[in-house]
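Student: dropping the sequence and predicted coords here.
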Amino acid sequence: MKHLWLACLGLLLIGASVWAEDGFLIRDGDRAVIWGDSITDNAYYPRSMENFVLSRFPDWTVEFHNLGWGGDRTTTLERMKRDLPQYQPTFVTIKLGMNDGQYTEFKQENYDAYIKGYRQLLDFLRANTNARIVLITTVTYETDVVPVRKRNNAEIDMSPYPETLRRFSEGVKELAQEYQTGFIDLNALYAEMLANGKKANPDFKLSGDAIHPNVNGQAYMAYHILKGLNAPALVADIGVDAQNGAILWEKGAYLRNLKVEGDRIAFTRCDHALPFHFSGEDQMDSRLIDKKTWYNELNRDWLAIKNLSKPYALLTIDDEAIAVLSKEQWEEGVNLSLLPKSPMLAQGALIAELTDKRHDAEYARWRRYWLQGVRSPYDFTTYKPETFYSRYLGDAAKFYHRSQLKYNSPAPRQFLLTGGEKEELEKSLSQ
């Protein structure tokens with residue numbers, strides 16, 4: 001494998017500027033803080049954001065710190081003063097609102113308290129950091145999951161609550177305009193997605209309690225947030241002419257040692273990036289998610305082979321049979337990220353595992369030791385002194401971060417396409 005690395009090394013260094021995407025709101029060197037309530041607390045979507053940056057920008061160094069806390073509202077400025085400054089953030093997302101509406105019809109006093117608290121958070125960030133800020137509206141309430149809630153021995157009809165959250169979201173939009181921050185209307189996007197899903201499938205549900213998105217709902221959140229942050233779709237885009245062995249186009253990756261011999265096409269692909277893995281992806285229900293759309297828009301690892309002489313071709317990467325596809329499919333182009341056996345996707349999954357371990361260590365240090373005994377976002381108790389265990393968890397989080405940066409470098413891959421008849425080629429997939 002060493003000779004493949006050497007063949008790619010110079011080109012990777014030269015081509016790194018391909019990934020200087022001006023539109024993406026996260027930048028190299030950022031210290032990102034993800035602020036929110038229980039929908040953010042120890043959740044999947046912040047991890048998916050981290051996975052994306054690690055996989056798509058392997059030469060970057062970006063820190064992620066999830067400071068979501070269940071039950072939080074905009075009225076906990078003192079918590080922000082305690083928890084946020086230590087990270088010196090350069091990028092902050094805020095997603096609050098589900099609790100602020102107080103699970104009832106729209107009430108002006110609740111809205112006013114929400115906006116007042118939000119202003120205090122934004123004023124604090126402006127006064128104490130130079131962070132770029134993105135405001136994210138909360139997901140909507142899934143009324144068909146829990147249509148009635150009990151409170152003080154009374155039954156509360158929840159049908160007005162989505163409208164309450166929508167009106168709160170309009171206020172967030174106005175704040176984003178006033179404070180000149182980024183803005184993602186997740187409430188509208190999530191509500192539209194839920195409506196479309198339920199229209200097509202009555203069993204379409206993305207939460208068990210109407211409030212907290214499950215792993216499928218968290219993936220929808222991650223998709224919409226990454227799109228809202230202008231996350232680039234491209235991993236690689238390669239076109240090859242099988243008739244004359246010409247490279248038709250190459251973007252995000254470079255080919256070397258291209259050879260066409262009879263029905264076989266071989267080349268070394270040198271990548272600048274990897275496809276990313278949604279956190280919790282292995283637990284998702286394929287009936288409820290739109291993986292093809294998500295991957296085409298966020299994990300576009302494209303390979304097109306023109307003028308194949310045979311009706312089918314077997315793709316092998318690093319001596320492992322990946323897929324047999326028709327001449328027409330190869331002609332149009334294939335998103336390799338949608339092929340489950342892709343070794344590039346497997347590398348992205350490894351990064352996601354390391355993200356989970358890093359996050360779990362940092363989270364345990366923060367909540368279990370620094371804030372031992374603190375159960376509420378409204379308890380502003382100061383941090384406890386470091387202990388052996390908190391230092392151990394801190395060291396563990398740093399170790400996993402170093403591991404993330406070690407294993408997110410794309411490996412050069414040896415590609416081989418072999419033309420032939422479908423049945424004969426598919427025998428290689430079962431070997």
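Tutor: Done, it's in. Note that the structure is predicted; figures quoted are calculated from it, not measured. Numbering: from 1, shown residues only.

Student: can you list the domain ranges for the protein.
Tutor: Following automatic domain parsing, one gets these domains for the chain: 1-21+234-431, 22-231.

Student: wait, Leu417 sits on Glu261?
Tutor: No: counting by C-beta atoms under 8 Å, Leu417 does not reach Glu261; the two are 11.2 Å apart. Every residue, glycine included, has its C-beta placed from N, CA and C.

Student: compare those two and say which is more crowded by neighbours.
Tutor: Taking other C-beta atoms under 10 Å, Leu417 and Glu261 do not tie; Leu417 has more neighbours (22 against 8).

Student: ramachandran coordinates for the more buried one?
Tutor: Torsion angles at Leu417 (phi, psi; degrees, to the nearest 10) stand at phi -110, psi 130.

Student: which non-adjacent residue is nearest Phe24?
Tutor: Computed as C-beta to C-beta, 6 or more residues apart in numbering, the closest residue to Phe24 that is not its neighbour in sequence is Asn230, at 5.2 Å.

Student: would you confirm that the one you found contacts Leu25?
Tutor: Yes: Asn230 is within contact range of Leu25, at 6.0 Å (criterion: C-beta under 8 Å).

Student: ranges for the strands of the stretch 201-350 of the chain?
Tutor: Taking DSSP state E, counting those that start in this stretch to define them, one finds strands in the stretch 201-350 of the chain at 234-241, 246-251, 253-261, 264-271, 300-306, 312-317, 320-326, 334-335.

Student: could I get the fifth one in CSV with only the CA atoms?
Tutor: This points to strand 300-306. Extracted in CSV, the C-alpha atoms of strand 300-306 (Å, rounded to 0.1, in the frame of the first residue of the first chain):
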residue,chain,number,x,y,z
ARG,A,300,-21.5,12.8,-3.4
ASP,A,301,-18.8,10.3,-4.2
TRP,A,302,-19.4,10.0,-8.0
LEU,A,303,-17.8,7.6,-10.5
ALA,A,304,-18.9,7.5,-14.1
ILE,A,305,-17.5,5.0,-16.7
LYS,A,306,-18.3,5.7,-20.3
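
Student: report the angle between it and strand 312-317.
Tutor: 140 degrees (axes from the mean of the first three to the mean of the last three C-alpha atoms, to 10 degrees).

Student: for strand 300-306, which strands pair with it and how are they oriented?
Tutor: Strand pairing for strand 300-306, using DSSP bridges, gives strand 234-241 (parallel), strand 334-335 (antiparallel).

Student: and if you look at the longest one?
Tutor: Paired strands of strand 253-261, with direction, are strand 264-271 (antiparallel) (DSSP bridges).

Student: middle-most residue in this protein, spatially?
Tutor: Ser48 (3.0 Å; C-alpha atoms, centre = their mean).

Student: check contacts around that one.
Tutor: Listed by C-beta atoms under 8 Å, 6 or more residues apart in numbering, the contact set of Ser48 reads 218-219, 222, 226, 276, 278-279.

Student: now these as JSON lines including neighbour count and pLDDT?
Tutor: Formatted as JSON lines, these follow (neighbours: other C-beta atoms under 10 Å; pLDDT from 0 to 100):
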{"residue": "Gln218", "neighbour count": "26", "pLDDT": "97"}
{"residue": "Ala219", "neighbour count": "26", "pLDDT": "96"}
{"residue": "Ala222", "neighbour count": "28", "pLDDT": "98"}
{"residue": "Leu226", "neighbour count": "27", "pLDDT": "98"}
{"residue": "Phe276", "neighbour count": "31", "pLDDT": "96"}
{"residue": "Phe278", "neighbour count": "31", "pLDDT": "96"}
{"residue": "Ser279", "neighbour count": "25", "pLDDT": "96"}
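
Student: among the residues you listed, which two are most distant?
Tutor: The most widely separated members of the contacts of Ser48 are Gln218 and Phe276, with 14.5 Å between them, by C-beta to C-beta.

Student: hang on, the earlier thing: more neighbours, Asn230 and Leu25?
Tutor: Shown here are Asn230 and Leu25; by other C-beta under 10 Å, Leu25 has more neighbours (16 against 13).

Student: okay, the more buried one and Asp271: tell me how far apart.
Tutor: Taking C-beta to C-beta, to the nearest Å as the measure, Leu25 falls 24 Å from Asp271.

Student: Lys357 too?
Tutor: 24 Å.

Student: of the two, who's got more company?
Tutor: Neighbours per residue (other C-beta under 10 Å) separate Lys357 from Asp271, with Asp271 holding more: 24 against 17.

Student: apart from its chain neighbours, what residue comes closest to the more buried one?
Tutor: Pro410 (3.8 Å).

Student: look up how far Asn99 lies from the one you found.
Tutor: Distance of Pro410 to Asn99, given as C-beta to C-beta: 42 Å.

Student: list the contacts of stretch 253-271.
Tutor: Stretch 253-271 has contacts (C-beta under 8 Å, 6+ apart) with 4, 7-8, 11-12, 15, 235-238, 240, 242-245, 247, 252, 272, 305, 309-310, 344, 410-420.

Student: average pLDDT across stretch 340-348?
Tutor: Mean pLDDT, computed over stretch 340-348, is 94.

Student: check which helix or strand Cys79 maps to.
Tutor: You called it Cys, but residue 79 is Arg. Using DSSP states H and E, Arg79 sits within helix 77-83.

Student: for that helix, buried residues please.
Tutor: Going by neighbour count (16 or more other C-beta atoms under 10 Å), the buried part of helix 77-83 is 79-80, 82-83.

Student: helices of the stretch 51-200 of the chain, start to end?
Tutor: 77-83, 108-128, 161-179, 186-200 (DSSP state H, counting those that start in this stretch).
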